[in-house]
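Enquirer: Let's see this in three dimensions:
(2 chains)
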Protein chains: 2
Amino acid sequence: MIIDVPADSPYGTENLPYGVFSTPGAPPRVGVRLADQVIDLAEALHDDVFAAPSLNPFLRRGAREWREARDRLTELVSGDVPDAAVHPVEQVTMHLPFEVADYVDFYASEHHATNLGRLFRPDSEPLMPNWKHLPVAYHGRAGTVISSGTPIVRPSGQRKAPDESAPGFGPSRRLDIEAELGFVVGTGSDLGVPVPVEEFASHVFGAVLVNDWSARDLQAWEYVPLGPFLGKSFATSISPWVVPLLALEGARVPTPRQDPEPLPYLREPEPWGLDVEFSVRWNGQEVSRPPYREMYWSPAQMLAHLTVNGATCRTGDLFASGTVSGPARDQRGAFIELTWGGAEPVLVNGAERTFLEDGDEITLTASAPTASGARLGFGELTNLILPART
Amino acid sequence: MIIDVPADSPYGTENLPYGVFSTPGAPPRVGVRLADQVIDLAEALHDDVFAAPSLNPFLRRGAREWREARDRLTELVSGDVPDAAVHPVEQVTMHLPFEVADYVDFYASEHHATNLGRLFRPDSEPLMPNWKHLPVAYHGRAGTVISSGTPIVRPSGQRKAPDESAPGFGPSRRLDIEAELGFVVGTGSDLGVPVPVEEFASHVFGAVLVNDWSARDLQAWEYVPLGPFLGKSFATSISPWVVPLLALEGARVPTPRQDPEPLPYLREPEPWGLDVEFSVRWNGQEVSRPPYREMYWSPAQMLAHLTVNGATCRTGDLFASGTVSGPARDQRGAFIELTWGGAEPVLVNGAERTFLEDGDEITLTASAPTASGARLGFGELTNLILPART
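Expert: Here you go, the predicted model:
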């Protein structure tokens, strides 16, 4: 069949994102989205690497084969796609697109880091002395990276308000989101051998939307001196579609000016900032539009930093940008910033809101320009908040 | 053959630790150590779960089957073991014993946390306010957990001395060890369902020695506010033999008194402190004997804390205790403590030493009492320091 692609579809022929889908009675396998259809790649391209329930075997093949597969796909969708390979998107179930090896979360927005510094450490300089010299990051929990649609059960844990003498235990009262862009490593590197900034695109396959769910009260109590742990580890959700870097050529922009000039291993010969525009919807209402182009550190700098000590990267590694926040209030990608620690509520469908309540639903979307000047979409990342277990 | 077991062997019939070994021309598979022999379990027990190159398939089977396998093994080694299943340990190559899912590192020694607090933050209280309320921890890099015998290439990265105005880049000048005990999760848990302290032994299979290599200069510059990252992620080595919890019944002791009393989810109905005695050898010379029985938080408390927010654990998760340090100077499990930040060198084979030099070799060993009052050994964890790549 010829797949009809409306001119304004966020899933046009310049996007072709990869995901893992299933249909009733058939196991999960790799598909590519075009308009409102999912193309079964094992069926369409006669390649068993796509019959796997995750993208990892395809990721492992490396950048030359990613490009070849994209070329074949581009040719395929310009003509007649076998009927048996085409499934309307509303008839499929989407799954986690890849098996996560290690998960790292950066902290690459100067606006976010400054806002959080003011909120968490009101008596100090908001940016730490290291912040403009290196992309600060920490390891998160790979085992709790979950798919869009998986409910978020409100986490319980220890929290202590500043005016309490001892911590209490119970459901988080300050459950929050972090709107981020995540990068998926396709081919790994060897122990002891850093990945230079120039080799970013030969290791990283593509990008997903990430919501790094955060329990701010748990985090504030636990995070010194070794960083966030239970305040984050209950869930990190990612979007079902992985947009290949090859689809993002038209979105590449320079990062904001970096001053002081970074050390040589962090200098980029070509820009890997990305002009990706986020939208955060709270129970259907847009409350923020975080601009990824404002991020101080680029993903190529993140990967170079992550491996400069000789650490390997592996197929399936996910590293995320940290919260995307711009300079304006309605560009903040976390509610702790948007509501200034809860002090300045926002109106959501007419009600004053600060942190998440049970039954809330958060949807992240994002779009970026293509090489031809159209816009491509990252799809939707949606999760519903359920009450804490008792 | 009847395997001869000397009465003082650290690998007697009460130990029976599991590892992954290979012989020339044959693939890696699971074995158990008895005296100076390795027993090929797929061959001896006729069970293909042991033909895998990692312990993970066996771990996944769960606590009842771990006990049954141990009972069968105990019976097997009391008699004639098939010759084809027995390999002298000096003729085998040992491998990483399991595939690491998530790696978490705790900070459970009060002596270590106090020493590090004094060294890293000399102007503040050494213990943070949260320390006696919860077992502080952070996620480490699972992809760089490596086996005994793998060389440690000195990492490079950013470091800034207090008297420098900007960071420089280069090989770490303060490369250090951390002697730790690590716990291996066998059966996972469901998302949203905490593992209570009473269920520790139905999820955790056994323990290994861990050396959490640390570049103190990289760590000191990068670690605020999100915790250690490149200062640790270049390598964490583990011992080849996993000692089952079932072998450690005779080593169980109460933790030191916990004051204030922990919140209910951290209270232990039965003690999971462990009387494990470490030895740290620097180029062959013992420089420290860290006592695990001094650890403030028990591993059952660590797992309960790790999952109390609803985070899952998975087969292959590794969580380590953090540096084991006792109250005496020669009981400190990291050189930054042992030499007080380099200010108080130790004599190693007649030379004054502070941090690690290229060519140094570190060996961790440990032993614990068995139920009969004998001692079992954890084997050796040995790694050699190689110069930084240039």
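Enquirer: Residue of the stretch 201-350 of chain A nearest chain B, please.
Expert: For the stretch 201-350 of chain A and chain B, the shortest gap (CB to the nearest CB) falls at A:G227, measuring 2.5 Å. The C-beta positions use only the backbone N, C-alpha and C, and glycine is treated the same way.
Enquirer: Any idea how many residues pack against that residue?
Expert: For A:G227, the neighbour count with other CB atoms under 10 Å in any protein chain shown is 27.
Enquirer: Tell me which residue of chain A is furthest from the middle?
Expert: Relative to the centre of chain A, the most outlying C-alpha is that of A:S165, 37.5 Å out, by CA atoms, centre = their mean.
Enquirer: State the phi and psi torsions of that one.
Expert: phi -90, psi -20 (degrees, to the nearest 10).
Enquirer: Model confidence for it, exactly?
Expert: Looking at A:S165, its pLDDT stands at 91.
Enquirer: likewise A:W213?
Expert: 98.
Enquirer: How about A:P162?
Expert: What the model reports as pLDDT for A:P162 is 84.
Enquirer: Show me which helix or strand of chain A is least confident by mean pLDDT.
Expert: helix A:110-120 (a mean of 94; mean pLDDT, DSSP states H and E).
Enquirer: is any part of that helix close to chain B?
Expert: Yes: on the criterion CB under 8 Å from any CB of the partner chain, helix A:110-120 is in touch with chain B at A:G117, A:F120.
Enquirer: quick one on the thing from earlier: name all residues that make contact with the residue farthest from the centre of chain A.
Expert: For A:S165, no contacting residues are found, by CB atoms under 8 Å, 6 or more residues apart in numbering or on different chains.
Enquirer: contacting residues for the residue nearest to A:Y292 when sequence neighbours are not counted?
Expert: Once flanking residues are discounted, A:Y292 sits nearest to A:V276: 3.8 Å by CB to CB, 6 or more residues apart in numbering or on different chains. With contact taken as CB under 8 Å, 6+ apart, A:V276 is in contact with A:L181, A:A207, A:L248, A:A251, A:P291, A:Y292, A:R293, A:A366, A:S367, A:A368, A:F378.
Enquirer: Check A:D123 too.
Expert: Neighbours of A:D123 in contact, by CB under 8 Å, 6+ apart: none.
Enquirer: Out of the contacts of A:V276, which is nearest to B:L134?
Expert: Nearest to B:L134 among the contacts of A:V276, counting by CB to CB, is A:L181 at 31.6 Å.
Enquirer: Can you tell me who the closest one pairs with across the strands?
Expert: Beta bridges link A:L181 to A:L209, judged by DSSP bridges.
Enquirer: ok, and the closest non-adjacent residue to A:G12?
Expert: A:V5 (5.5 Å).
Enquirer: Can you give me the domain boundaries for chain A?
Expert: Listed by automatic domain parsing, the domain ranges of chain A are A:18-95, A:103-386.
Enquirer: looking at the ones you listed, which is buried most?
Expert: The highest mean neighbour count among those, using mean count of other CB atoms under 10 Å in any protein chain shown, belongs to domain A:103-386: a mean of 21.
Enquirer: In chain A, where's the longest helix?
Expert: As assigned by DSSP state H, the longest helix anywhere in chain A is helix A:63-77.
Enquirer: That one: how far from the chain's middle?
Expert: In terms of CA atoms, centre = their mean, to the nearest Å, the centre of helix A:63-77 is found 24 Å from the chain centre.
Enquirer: okay, now A:A7: neighbour count?
Expert: The number of residues packed around A:A7, counting by other CB under 10 Å, is 6.
Enquirer: Make sure A:V204 is actually in contact with A:G182.
Expert: No: using CB atoms under 8 Å, A:V204 makes no contact with A:G182, being 10.4 Å away.
Enquirer: Give me the contacts around stretch A:321-331.
Expert: A:105-109, A:111-113, A:115, A:137, A:178-183, A:210, A:212, A:278, A:287-292, A:294-295, A:299, A:302, A:332-334, A:337-338.
Enquirer: Among these, which lie within helices?
Expert: Per DSSP H, those map to helices at A:H111, A:H112, A:A113, A:N115, A:P299, A:M302, A:E337, A:L338.
Enquirer: Local confidence estimate at the fifth one?
Expert: Reading off the confidence values, A:P299 has pLDDT 98.
Enquirer: can you list the weak-confidence ranges in the stretch 151-300 of chain A?
Expert: Residues of the stretch 151-300 of chain A meeting the criterion pLDDT under 70: none.
Enquirer: closest to A:F98 among the ones in helices among the contacts of stretch A:321-331?
Expert: Nearest to A:F98 among the ones in helices among the contacts of stretch A:321-331: A:P299, at 16.6 Å, using CB to CB.
Enquirer: and the closest one, what does it touch?
Expert: For A:P299, the contact set (CB under 8 Å, 6+ apart) comprises A:L181, A:F183, A:F200, A:V204, A:A207, A:W272, A:L274, A:F319, A:S321.
Enquirer: one more time with 10 Å
Expert: Taking CB atoms under 10 Å, 6 or more residues apart in numbering or on different chains, we find A:P299 in contact with A:106, A:108, A:135, A:181-183, A:197, A:200-201, A:204, A:207, A:245, A:272-274, A:292, A:319-321.
Enquirer: Quick check: the gap between A:A368 and A:W282.
Expert: According to CB to CB, to the nearest Å, A:A368 and A:W282 sit 22 Å apart.
Enquirer: meant to ask about A:G316
Expert: In terms of CB to CB, A:G316 sits 31 Å off from A:W282.
Enquirer: Same check on A:L16?
Expert: Here the distance between A:L16 and A:W282 works out to 30 Å (CB to CB).
Enquirer: I'd assumed A:Q37 was in contact with A:I3.
Expert: Yes: using CB atoms under 10 Å, A:I3 is in contact with A:Q37, at 5.2 Å.
Enquirer: Please enumerate the strands of the stretch 251-390 of chain A.
Expert: A:252-253, A:273-274, A:277-282, A:285-288, A:318-320, A:346-348, A:351-353, A:361-369, A:375-377, A:381-386 (DSSP state E, counting those that start in this stretch).
Enquirer: which strands and helices sit next to the first one?
Expert: If you count contacts as 3 or more CB pairs under 10 Å, 6 or more residues apart in numbering or on different chains; DSSP states H and E, strand A:252-253 packs onto strand A:273-274, strand A:361-369.
Enquirer: Contact partners for A:E337?
Expert: Contacts for A:E337 (CB under 10 Å, 6+ apart) come out as A:109, A:111-112, A:114-116, A:118-119, A:176, A:178, A:288, A:290, A:323, A:325, A:329, A:331.
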